[in-house]
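In: Could you look at this predicted model? Sequence included:
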Amino acid sequence: MEQISVHADITVIGGGLAGVAAAIGAAREGARVSLVNNRPVLGGNASSEIRVWVCGATAHGAQKYARETGVMGELFRENQYRNPEGNPFLWDQVVLDAVRAESNIRLYLNTDVRKVAATGDDDDRVIRSVTGWQMDTERELAFTSSLFIDATGDGLVGDLAGARYRTGREAHAEFEEEWAPEAPDDDMLGSTMFFYTKDAGEPVRFVPPSVTKDIAATTIVRNRPISTTANGCDYWWIEYGGELDSVRDAEFIRDELWGVIYGIWDHIKNSGEFDADTLTLEWVGSVPGKREYRRFEGDVVLTQHDIMNQTRFEDSIGFGGWSIDLHPPGGMYSDDHGSKHLFTAGIYHIPFRSLYSRNVSNMLMAGRDISASHVAFGTTRVMATCAVTGEAAGVAAAICARESISPRTLATERLEQLQQTLLRRDASMLGVPWRDASDLALAATATASSTIQRLTTDAAGPAVDRQRFPFDEHDLAILFPVQPSFDGVDVLLDLEAPAELDVELWSTGGGENHIPVRLLDATTVAVEAGSHWAELPFTHLAPGGENAVVVFRRHPHAALVVENRPAPYGVLGLVSRTPRTSRGQAQSNAWSAEELRRRSPLLRVHGATTAYAAAQAVGGLQRPYDGPRLWSSERTTVDPSPWLQLRWPDAVEIRSVELVFNDDVDIDLVNLHHHRTPWPVMPELVRDYRIEARVDDAWVTVAEGSDNRTRLRTHTLDASIITDAIRLVVEATNGSEWASVVGIRAFG
């Protein structure tokens, strides 16, 4: 047996999206990384071996302005461009190419870590090395580094290192969680396998293999949906093993899942209840997609209260937004529904103290094994959120390795450094302002060729495909930013008969939210038949920025007038999905943006707004939070060559410029076939641009970009320049009527 020693600054064990994001995050901070994966492909449950679509904070549209940025955002956007049809094999290559693009990463596939060398007592342990067997090369590899990241999902490395962990469900009394059982138990979420089908165009018979189960003899036919049009993740409910040990009993669990898959297909093909003559199986999984096993204990255990209260942790390093999504331990054989969901009012925060072990000083966690209760795990477990924790763990590990400190020291003494580093990487940070003193832009005055100064969607010029949107069966709402105030709102309505409409003004209750949460005012307005502007006498003061929501209660004769083009960024139409009696419910899925997304409600907000000012792109926040948090020009029909400028009172020396473009994080992107967008590139992204510097009273182009389809662009100049002003000139977007920029930064 050949034995090889591999040394790096950081060793990441696990090549799911959490491990991939951790490795990339660390490598970009200059750390040498060993990425070790026990499968032949990267991506974990998202890979072509298992084929789960990547869910995250958007909760498939239930949360608004919630799509991840950073590494996960890059993967989403690249897949949208290269693989819009959701081919699982092409998705594998998107993930693999992202890893291969980082020269600081050495990738070890087919390498199963089985041994961990650790020293110290139970309260203070240190990992010295991990050893794995690379199956295809028949070599044993010993990995050493100063920091280790357990991104294995099941948490084998941490277990072998002696890290404290939890399994099963905590009792209600431990954290007083509403969804926790009265008594603790060993039950978990089960594992799932999928199958894909296709129409062969000719009759295909199916002879069931020996493993096939007679599902008609089970509760499945009665309790679960079976359809000829469903395949892949539509069958997420083919779940088993929640009452077993998902590791020790893995072989039995896999066989049971196989039996049910072939049983379902036998039922479809041979029961006579379905029109399935020409259908055949295209693919059946062989690796169960696990949901739950070990959860390591960090300095903070995330709980249901933290999720539902949207606790604003001082050490926030990312966010999630998927519902608390728990499944019955009996899985597909349970008489209960396959899942139950509890949504927050908006996205929630994840603390760094949940990403490192409380008793293994050089181990961080990434993905589904982070420090959380079983109930909180019900939301943190989804893969895009796992990638968010992975990137944060990787960046943190790189800082710790470079400066020879522990993750706990980073959390308690150098938190600002971690958060600002994550922001510079455009990671999924929420409500944390950019204030890195090395950014020269923070000392500049920002101006622009134009900006949205009055929020109106009633654009000058001819109407664009105006339509009626009735709200006879659902309450209707319009979300818009307020900064610093407004004094009245007009909304264009169309009524079949004169009516008095109940209208309310709400706040969102916090920057994380984009639905009505707290009632501010209410009135009744009389509107004549036909199309008329309803003048709403609402006023609101929010100097620091806030979102307001105007709510129209349903009326049998009323409709909103909308145009089939996007509104200014940050304006969103919402349709209620709950009965009127529950209108006070603060759950994001109670309001849908899908029906009116990229359709513009006709409104006029009285008073000037600074929500789109040039200064919004300097410092501040890098994603929507109490407003859009970006600079936006006027429509390009008014300002055809918009620019954003930084000017200093004295000349400065600049060597690099960083740009964060708007890629509309309200749009839900996925890797597989759940749904697809009509654009290969987000229309809001700036496509063609140039960066100019003022030298000797003349504007000189110092950098250019064309055919851009990414959010974060860094331009290192050929040589430093001495200037008192630079500007970004937008020559074209990828389709948007506005030029918009989230951030512009300059460094010496």
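Out: Now that the structure is in, tell me what you want to look at. What you are looking at is a predicted structure, and each value in this text was computed from that prediction instead of being measured.
In: isn't H474 right next to T578, touching?
Out: No - applying C-beta atoms under 8 Å as the test, H474 and T578 come out as separate, 9.2 Å apart. Using the backbone N, CA and C atoms, a C-beta is placed for each residue, glycine as well.
In: Compare the two (neighbour count), which wins?
Out: H474 (21 against 15; other C-beta atoms under 10 Å).
In: what sits up against the one helix or strand Q3 maps to?
Out: For Q3, the enclosing helix or strand under DSSP states H and E is strand 2-7. By C-beta atoms under 8 Å, 6 or more residues apart in numbering, the residues outside strand 2-7 that reach it are 34, 106, 108, 137-145.
In: Report the two of the residues you listed separated the most.
Out: The largest distance within the contacts of strand 2-7, taken as C-beta to C-beta, falls between E138 and S145 and amounts to 23.7 Å.
In: More neighbours: which of those two?
Out: The residue with more neighbours, out of E138 and S145, is S145; 24 against 9, by other C-beta under 10 Å.
In: Distance of the more buried one relative to D121?
Out: 22 Å (C-beta to C-beta, to the nearest Å).
In: Run the chain-centre distance for stretch 2-10.
Out: 34 Å (C-alpha atoms, centre = their mean, to the nearest Å).
In: which of the residues in it are buried?
Out: 6, 8-10 (16 or more other C-beta atoms under 10 Å).
In: want to try a markdown table for those residues, with distance to A614 and pLDDT as columns?
Out: A markdown table is the format used below for these (distance: C-beta to C-beta, whole Å; pLDDT from 0 to 100):
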| residue | distance to A614 | pLDDT |
| --- | --- | --- |
| V6 | 49 | 98 |
| A8 | 43 | 98 |
| D9 | 40 | 98 |
| I10 | 39 | 98 |
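In: Domain map for this protein?
Out: 2-169+295-424, 191-284, 440-451+612-747, 466-605 (automatic domain parsing).
In: just those: most buried one?
Out: Mean neighbour count (mean count of other C-beta atoms under 10 Å) peaks for domain 2-169+295-424 among those, with a mean of 22.
In: What is the end-to-end distance of it?
Out: Length of domain 2-169+295-424, first residue to last, C-alpha to C-alpha, to the nearest Å: 42 Å.
In: quick one on the thing from earlier: partners of the strand holding Q3, with directions?
Out: strand 139-144 (parallel) (DSSP bridges).
In: For the helix or strand just after the partner strand, what does the pLDDT average out to?
Out: As assigned by DSSP H and E, the chain's next helix or strand after strand 139-144 is strand 147-150. What strand 147-150 shows for mean pLDDT is 98.
In: can you tell me which residues contact the nearest residue to K64 once chain neighbours are set aside?
Out: Leaving out its chain neighbours, the residue that sits closest to K64 by C-beta to C-beta, 6 or more residues apart in numbering is H514, at 3.8 Å. Residues near H514 by C-beta under 8 Å, 6+ apart: 63-65, 346, 479, 508, 547, 572, 588, 593, 624.
In: Kindly report the same for D187.
Out: Contacts of D187 by C-beta under 8 Å, 6+ apart are 168-169, 242-243, 329.
In: Which members of those are the farthest-apart pair?
Out: R169 and E243 (11.5 Å).
In: on contacts alone, who are the packing partners of the helix or strand where V741 lies?
Out: Here V741, judged by DSSP H and E, is contained in strand 740-747. Other helices and strands packing on strand 740-747, by 3 or more C-beta pairs under 8 Å, 6 or more residues apart in numbering; DSSP states H and E, are strand 631-632, strand 643-661, strand 712-733.
In: and the helix or strand harbouring V94, what does it pack onto?
Out: Assessed by DSSP H and E, V94 sits inside helix 88-100. Counting by 3+ C-beta pairs under 8 Å, 6+ apart, the packing neighbours recorded for helix 88-100 are helix 17-28, helix 70-82, strand 105-108.
In: Mind putting those into TSV with distance to M1 and mean pLDDT?
Out: Formatted as TSV, the helices and strands packed on helix 88-100 follow (distance: least, C-beta to C-beta, whole Å; pLDDT from 0 to 100):
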stretch	distance to M1	mean pLDDT
helix 17-28	26	98
helix 70-82	36	98
strand 105-108	16	98
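In: how about those, which one is nearest L189?
Out: Proximity to L189 (C-beta to C-beta) singles out helix 17-28 among these, at 16.9 Å.
In: Give me the distance from the closest one to the chain's centre.
Out: 16 Å.
In: and what of stretch 488-505?
Out: Chain-centre distance of stretch 488-505: 35 Å, with C-alpha atoms, centre = their mean.
In: model confidence over it, on average?
Out: 96.
In: Stretch 295-314 now?
Out: Here the average pLDDT along stretch 295-314 is 97.
In: who's in contact with R205?
Out: K269.
In: err, V657, not the other one
Out: Neighbouring residues of V657 by C-beta under 8 Å, 6+ apart: 691, 702-703, 714-715, 717, 726, 744-747.
In: OK, contacts around V482?
Out: Counted by C-beta under 8 Å, 6+ apart, V482 has contacts 540, 542, 545-548, 605, 609, 611, 627.
In: at 10 Å instead, please
Out: By C-beta atoms under 10 Å, 6 or more residues apart in numbering, the contact set of V482 is 455, 507, 539-543, 545-548, 605, 607, 609, 611, 626-627.
In: Which pLDDT does the model give M1?
Out: In this prediction M1 is given a pLDDT of 80.
In: ok, it touching T131?
Out: No - counting by C-beta atoms under 10 Å, M1 does not reach T131; the two are 11.6 Å apart.
In: so what's in contact with those two at the same time?
Out: What both M1 and T131 touch, as defined by C-beta under 10 Å, 6+ apart, is the set E140.
In: thinking again about what came up before, so in that sheet, which strands flank the strand holding V741, and in what orientation?
Out: Partners of strand 740-747 in its sheet, by DSSP bridges: strand 631-632 (antiparallel), strand 643-661 (antiparallel).
In: Columns distance to F206 on top of those, output as JSON lines?
Out: Below are these laid out as JSON lines (distance: least, C-beta to C-beta, whole Å):
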{"stretch": "strand 631-632", "distance to F206": "56"}
{"stretch": "strand 643-661", "distance to F206": "51"}
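In: which one of these lies closest to I261?
Out: Closest among these, using C-beta to C-beta: strand 643-661, at 43.6 Å.
In: can you give me how far stretch 443-454 is from the chain middle?
Out: For stretch 443-454 - counting by C-alpha atoms, centre = their mean - the centre lies 30 Å from the chain centre.
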